[in-house]
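Enquirer: one predicted model, sequence on top.
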Amino acid sequence: MMQLVEANWPILVAALLIGLLAAWLILRATRKTTVMRDPGSGEPGDPAKRNQALIDAPPASTNAAFAAPNSARDPVVAPGALAGAGIAASAAIPPQETAPEPEGVPIPIPRPDSKDDLTRIKGVGPKLAALLGDLGISSFAQIASWNDDEIDRIDEKLGRFQGRIRRDDWVKQAALLDAGDTAGYEKQFGRL
């Protein structure tokens, strides 16, 4: 065997180099990335915009939504009460009729009877609409009535979507959609 290798070592080295070159060419071809631009995103020489929502989002392990209990889902046990006894009772009471929470804990937003398609707001996709639904937000009227404190309160619960409310101007979009002003909406925010 050793004599065969000694006699044919140039051929073996050449075969190894050809194999490495072929592997490099195959792997290089699968790593190509193309940057697609929106038609109205600016000049061709401008750098591509980055997804700031993902860059600015805090790590999931430090998210305040996981650190504090969510009053809409987690019952608060009063001193002297049986732990767990309030779960069945709180399930029977709609969120609008619950007693006010202690100061410093946000009160859940009442759920309206009508539900709007929140994905019509630019910047709100199906996952974000589901998250807003879990927070009790289901109509354009609710979003249109937000003030700065409510925006901050909701924004801190959006996790990796933090900052979207102000950046995409949801309040103004929701006000136009709630009023049915499609022409005004499309003039400011583009086609629906």
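Expert: Received, thanks.
Enquirer: can you pull out the helices in this protein?
Expert: 2-7, 9-30, 52-56, 64-67, 85-92, 126-134, 140-144, 148-155, 164-167, 170-179, 182-189 (DSSP state H).
Enquirer: would CSV of these with mean neighbour count be doable?
Expert: Where C-beta positions appear, they are placed from N, C-alpha and C, glycine not excepted. CSV is the format used below for the helices of the chain (neighbours: other C-beta atoms under 10 Å):
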stretch, mean neighbour count
helix 2-7, 8
helix 9-30, 10
helix 52-56, 11
helix 64-67, 11
helix 85-92, 11
helix 126-134, 15
helix 140-144, 21
helix 148-155, 14
helix 164-167, 17
helix 170-179, 20
helix 182-189, 14
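Enquirer: adding mean pLDDT and distance to residue 116, write the ones you listed out as TSV.
Expert: Listed next are these as TSV, based on pLDDT from 0 to 100; distance: least, C-beta to C-beta, whole Å:
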stretch	mean pLDDT	distance to residue 116
helix 2-7	86	75
helix 9-30	90	43
helix 52-56	64	22
helix 64-67	50	23
helix 85-92	51	26
helix 126-134	91	10
helix 140-144	93	5
helix 148-155	92	16
helix 164-167	91	16
helix 170-179	92	7
helix 182-189	89	13
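Enquirer: residue 117 is nearest to which of these?
Expert: Evaluated with C-beta to C-beta, those place helix 126-134 nearest to residue 117, the distance being 7.9 Å.
Enquirer: tell me what angle that closest one forms with helix 170-179.
Expert: Angle, helix 126-134 to helix 170-179, by axes from the mean of the first three to the mean of the last three C-alpha atoms, to 10 degrees: 80 degrees.
Enquirer: which secondary structure elements does helix 126-134 contact?
Expert: For helix 126-134, there is no helix or strand it packs on, judged by 3 or more C-beta pairs under 8 Å, 6 or more residues apart in numbering; DSSP states H and E.
Enquirer: residue 176: what's it in contact with?
Expert: 184-185, 188-189 (C-beta atoms under 8 Å, 6 or more residues apart in numbering).
Enquirer: any idea how far it lies from residue 137?
Expert: 17 Å (C-beta to C-beta, to the nearest Å).
Enquirer: do you know which of the helices of the chain lies nearest residue 119?
Expert: helix 126-134 (5.1 Å).
Enquirer: what's in contact with the closest one?
Expert: Here helix 126-134 has contacts from 72, 117-119, 124, 138, 154, 157-159, 161, 164, using C-beta under 8 Å, 6+ apart.
Enquirer: put together JSON lines for the residues you listed, with distance to residue 180 on each row.
Expert: What follows is the contacts of helix 126-134, written out as JSON lines (distance: C-beta to C-beta, whole Å):
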{"residue": "72", "distance to residue 180": "30"}
{"residue": "117", "distance to residue 180": "13"}
{"residue": "118", "distance to residue 180": "16"}
{"residue": "119", "distance to residue 180": "17"}
{"residue": "124", "distance to residue 180": "18"}
{"residue": "138", "distance to residue 180": "18"}
{"residue": "154", "distance to residue 180": "24"}
{"residue": "157", "distance to residue 180": "29"}
{"residue": "158", "distance to residue 180": "27"}
{"residue": "159", "distance to residue 180": "31"}
{"residue": "161", "distance to residue 180": "27"}
{"residue": "164", "distance to residue 180": "24"}
